[in-house]
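Engineer: got a predicted structure here, sequence first:
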2 protein chains.
Amino acid sequence: MDIKAYMIELGQSARAASRVIAAATTDQKNKALLAMAEALEASRAELMAANRKDLERGEQNGLDAALLDRLELNDARIDTMIEGLRQVAGLQDPVGEITDMAYRPSGIQIGKMRVPLGVIGIIYESRPNVTVEAASLCLKSGNATILRGGSEAIESNQAVAKCIRQGLAAVGLPDTAVQVVETTDRAAVGELITMPEFVDVIVPRGGKGLIERISRDAKVTVIKHLDGICHVYIDDDADLTKAINISVNAKTHRYGTCNTMETLLIAKSRAEEMLPELVSAYQSAGVELRGCEQTCDLSAAFIAATEEDWATEYLAPILSVKIVSAMSEAIAHINQYGSHHTDAIITENYTKSRQFLIEVDSSSVMVNASTRFADGFEYGLGAEIGISTDKIHARGPVGLEGLTSQKYVVLGDGHIRR
Amino acid sequence: MDIKAYMIELGQSARAASRVIAAATTDQKNKALLAMAEALEASRAELMAANRKDLERGEQNGLDAALLDRLELNDARIDTMIEGLRQVAGLQDPVGEITDMAYRPSGIQIGKMRVPLGVIGIIYESRPNVTVEAASLCLKSGNATILRGGSEAIESNQAVAKCIRQGLAAVGLPDTAVQVVETTDRAAVGELITMPEFVDVIVPRGGKGLIERISRDAKVTVIKHLDGICHVYIDDDADLTKAINISVNAKTHRYGTCNTMETLLIAKSRAEEMLPELVSAYQSAGVELRGCEQTCDLSAAFIAATEEDWATEYLAPILSVKIVSAMSEAIAHINQYGSHHTDAIITENYTKSRQFLIEVDSSSVMVNASTRFADGFEYGLGAEIGISTDKIHARGPVGLEGLTSQKYVVLGDGHIRR
């Protein structure tokens, strides 16, 4: 197989389909999403049979239990995929929205119309449900998509792709609007990220290694999410109950998510008072505690944190704790060691809350709320294709709007430039 | 000189300065801009002396008259630079604006805060006034800047840079917030566009060759403006007077600008009626006319257009004209041969005006207005750093807002995720 020729063919088809999808009505797109849901419903047996092949091959290849679990499609997971499609059908269509139409002194009226980006390439790892999630968000936002899933899920992804194509065809939309790469050859990724003539933006979903590799080699914009080293800072003027509740929730609500707190910063003036209760809560949740020198001096529950700890996304029941002498030290620590994802301050102080919001350079900055809220659903975006830790184009949770752009619309009545 | 080490030093200084500039108050930034204006005013003699060196070297190196003209700094041009700084000081500061603060069912309140991008790299050709324009827009939007002007303007740019540094220092802002690369070594550009750790976005200003080269090699997002192949389409339902006025204005108001019409599309049903008056207007303005076969059949004033004509940005008194059988043919032509810059329809038909606005994939789409309006000043942005023909991040004229991003702000009252 000539991978380059194959990817160019996908690219050309996607570019052509993107023009049709961009002009599709909301009703057409919604009906396609619902038809996909029906196709999944009707194909449960095929989906599970395809998935079984992936699972068997995965076992033979020695995939670990966690990966095999992520790979598995069962009835409950197919239900979730179907429900996801129906939810996206229910979201407001961002395409075509016209805003800010104002008159200028010349007499022209000018505003902006929201439009699709064009063709979006998605590169992801083992979970086959991403195929449906990504395809549905891209379709609803008027974009064509080229999806490249992990080789370990190739059979499952192709079975899902068949349902997606059925849904598109059922409403007369081109089935090339969503294409799933059929080869597991890694060269396909290399081609996909270097075809700016056919692909407008790449969204990688997966581990940090994958995303760094793609960002390094891509020739089109990458909406990327590297890691989530999130902080909570307990300020001198924190309310005790809020501080304890949020610090515990931000770490222990879920360990493997990117918006989980990895480092807790405590104002020196409150450390002695707060640490015992915090240590007891973390210990009963089974969280391993690593602390700065001052923290270790105050509590025997901590082992010494290393420089590396401050820059680590544990994604595990481990927490590093640092005592800081002032808010400025907390902000400097966050901006230096954090990943510009999500950081919170706990304080009752008006001026410090404003300063923290302004000076912390992260995609989400919070006052008296748990970092675990940083999520497309919680933010009201309906769904998210990822969380961008970049500043260009989209920052923070990326929903339908993040998959669009705006063009200028100018209305005149025969106006010419003087 | 070790170019790599030198550029890393500039990058580190810019990154550090960007934190200070991002938190600078509107008043500080405005005072710095006005102090720069004063420094330029007080340095006219030095500026012109430095410029004379560039002009003399340019003459020796055989630069053509047009390039030497662009390079020249005289009293009127220094006035314009000073006036530009005062105008930017008068613009509204986009940084820190908080919008859309809405409550979610969980009880958190969430919205967005506008924030600077960080460090912006500007690469431009001979005109020294770009140094001031770019520096002022980046400063006002809270960004640090690294400027790399053309080697033919090195003395002028360094003299301007000195005034900019004086302005920053006068209000206590770090003078590393605006740095002008001091070497003419081309390797400096290669370094600047491949330092994502220090530079967040690159804005190239210059010819298509420069911009294509930079886009190909850059490792950070490029806000790029390739070319302006703009169209006017005279629809079957066009008003005669509006059609003539706009078609003439869009071509003849100025020839060398990117928003000048390069191809006129005329509905077949109106060609015979419109062509004589158009031909007469264009001929009296000295515009060379190239037409499709049907156009040539209708008027002897045209020479035959080639396939290449449809894809050419003339930037000169040349116009290509094509007769189309329907609006769909006009839209297909624009989307295929245009540069996604600015395109207009002349029509009185409601449905066709809406369809044109939706289906033409350009950064500005107009009804009954001259393409010459596509400009940051005309659009009310106050000033522009360029016109983006891309869809990612910024599309169309890029003003202060295009040099910023938005972060999420979450306000809670002790809220935790359930």
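Structural biologist: Thanks, I have the structure now. Numbers count the residues shown, from 1 in each chain, chains lettered A, B, ... in the order given.
Engineer: mind listing the helices for the stretch 201-350 of chain A?
Structural biologist: A:208-217, A:240-252, A:268-285, A:293-298, A:307-310, A:327-337, A:350-359 (DSSP state H, counting those that start in this stretch).
Engineer: to chain B, which of those lies closest?
Structural biologist: Proximity to chain B (Cβ to the nearest Cβ) singles out helix A:240-252 among the helices of the stretch 201-350 of chain A, at 3.6 Å. Where C-beta positions appear, they are placed from N, C-alpha and C, glycine not excepted.
Engineer: for the nearest residue to A:A316 once chain neighbours are set aside, grab the count of nearby residues.
Structural biologist: Spatial nearest neighbour of A:A316, chain neighbours left out: A:Y255 (5.6 Å); criterion: Cβ to Cβ, 6 or more residues apart in numbering or on different chains. By other Cβ atoms under 10 Å in any protein chain shown, 17 other residues sit near A:Y255.
Engineer: surely A:Y255 meets A:P317?
Structural biologist: Yes: using Cβ atoms under 8 Å, A:Y255 is in contact with A:P317, at 5.3 Å.
Engineer: how close does A:D64 sit to chain B?
Structural biologist: Noted for A:D64: a distance of 29 Å to chain B, by Cβ to the nearest Cβ, to the nearest Å.
Engineer: over to A:V410?
Structural biologist: Taking Cβ to the nearest Cβ, one finds A:V410 at 4 Å from chain B.
Engineer: quick check, that residue in a strand?
Structural biologist: Yes: counting by DSSP: H, G, I helix; E, B strand; the rest coil, A:V410 is located in a strand.
Engineer: so what's it up against?
Structural biologist: A:I108, A:Q109, A:I110, B:A344, B:S364, B:V365, B:M366, B:V367, B:A369, B:F373, B:A374 (Cβ atoms under 8 Å, 6 or more residues apart in numbering or on different chains).
Engineer: hmm, 6 Å instead?
Structural biologist: A:I108, A:I110, B:M366, B:A369 (Cβ atoms under 6 Å, 6 or more residues apart in numbering or on different chains).
Engineer: in stretch A:308-321, what's buried?
Structural biologist: Residues of stretch A:308-321 classed as buried by neighbour count (16 or more other Cβ atoms under 10 Å in any protein chain shown): A:D309, A:W310, A:A311, A:T312, A:E313, A:Y314, A:P317, A:I318, A:L319, A:S320, A:V321.
Engineer: in TSV: those residues, plus pLDDT.
Structural biologist: Output for the buried residues of stretch A:308-321, formatted as TSV (pLDDT from 0 to 100):
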residue	pLDDT
A:D309	98
A:W310	98
A:A311	97
A:T312	96
A:E313	96
A:Y314	96
A:P317	97
A:I318	98
A:L319	98
A:S320	98
A:V321	98
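Engineer: among these, pick out the one closest to A:E191, please.
Structural biologist: Relative to A:E191, the closest of those is A:E313; by Cβ to Cβ it sits at 30.3 Å.
Engineer: if I look at the closest residue to that closest one other than its chain neighbours, how far off is B:I223?
Structural biologist: By the measure of Cβ to Cβ, 6+ apart, the closest residue to A:E313 outside its immediate chain neighbours is A:D227, 4.3 Å from it. A:D227 sits 26 Å away from B:I223 when distances are taken as Cβ to Cβ, to the nearest Å.
Engineer: more neighbours: which of these two?
Structural biologist: A count of neighbours by other Cβ under 10 Å puts B:I223 above the other of A:D227 and B:I223, at 24 against 19.
Engineer: surely the more buried one meets B:S388?
Structural biologist: Yes: the pair B:I223 / B:S388 is scored as a contact, 5.2 Å apart, by Cβ atoms under 6 Å.
Engineer: follow-up on the earlier one: just the contacts of A:V410: which are in strands?
Structural biologist: A:I110, B:M366, B:A369 (DSSP state E).
Engineer: give me phi/psi at the residue nearest to A:A316?
Structural biologist: Note on A:Y255: its backbone torsions stand at phi -90, psi -30 [degrees, to the nearest 10].
Engineer: centre of the chain versus stretch A:124-131, how much separation?
Structural biologist: How far stretch A:124-131 lies from its chain's middle: 13 Å, per Cα atoms, centre = their mean, to the nearest Å.
Engineer: could you tell me the end-to-end distance of it?
Structural biologist: In stretch A:124-131, first residue to last residue: 9 Å (Cα to Cα, to the nearest Å).
Engineer: tell me the mean pLDDT over it?
Structural biologist: Over the span of stretch A:124-131, the pLDDT mean works out to 87.
Engineer: what's in contact with that stretch?
Structural biologist: Stretch A:124-131 is contacted from outside by A:67, A:70-71, A:73, A:81, A:147, A:149-150, A:152-153, A:156-157, A:160, A:205-206, using Cβ under 6 Å, 6+ apart.
Engineer: with stretch A:163-174 instead?
Structural biologist: A:17, A:20, A:28, A:31-32, A:35-36, A:39-40, A:43, A:135, A:175, A:177-178.
Engineer: let me have those residues in a markdown table, extended by distance to A:G11, secondary structure and pLDDT.
Structural biologist: Output for those, formatted as a markdown table (distance: Cβ to Cβ, whole Å; DSSP: H, G, I helix; E, B strand; the rest coil; pLDDT from 0 to 100):
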| residue | distance to A:G11 | secondary structure | pLDDT |
| --- | --- | --- | --- |
| A:A17 | 11 | helix | 97 |
| A:V20 | 16 | helix | 94 |
| A:Q28 | 24 | helix | 97 |
| A:K31 | 27 | helix | 98 |
| A:A32 | 22 | helix | 98 |
| A:A35 | 26 | helix | 98 |
| A:M36 | 23 | helix | 98 |
| A:A39 | 25 | helix | 98 |
| A:L40 | 27 | helix | 98 |
| A:S43 | 28 | coil | 97 |
| A:A135 | 17 | helix | 95 |
| A:D175 | 16 | helix | 95 |
| A:A177 | 13 | helix | 97 |
| A:V178 | 14 | strand | 97 |
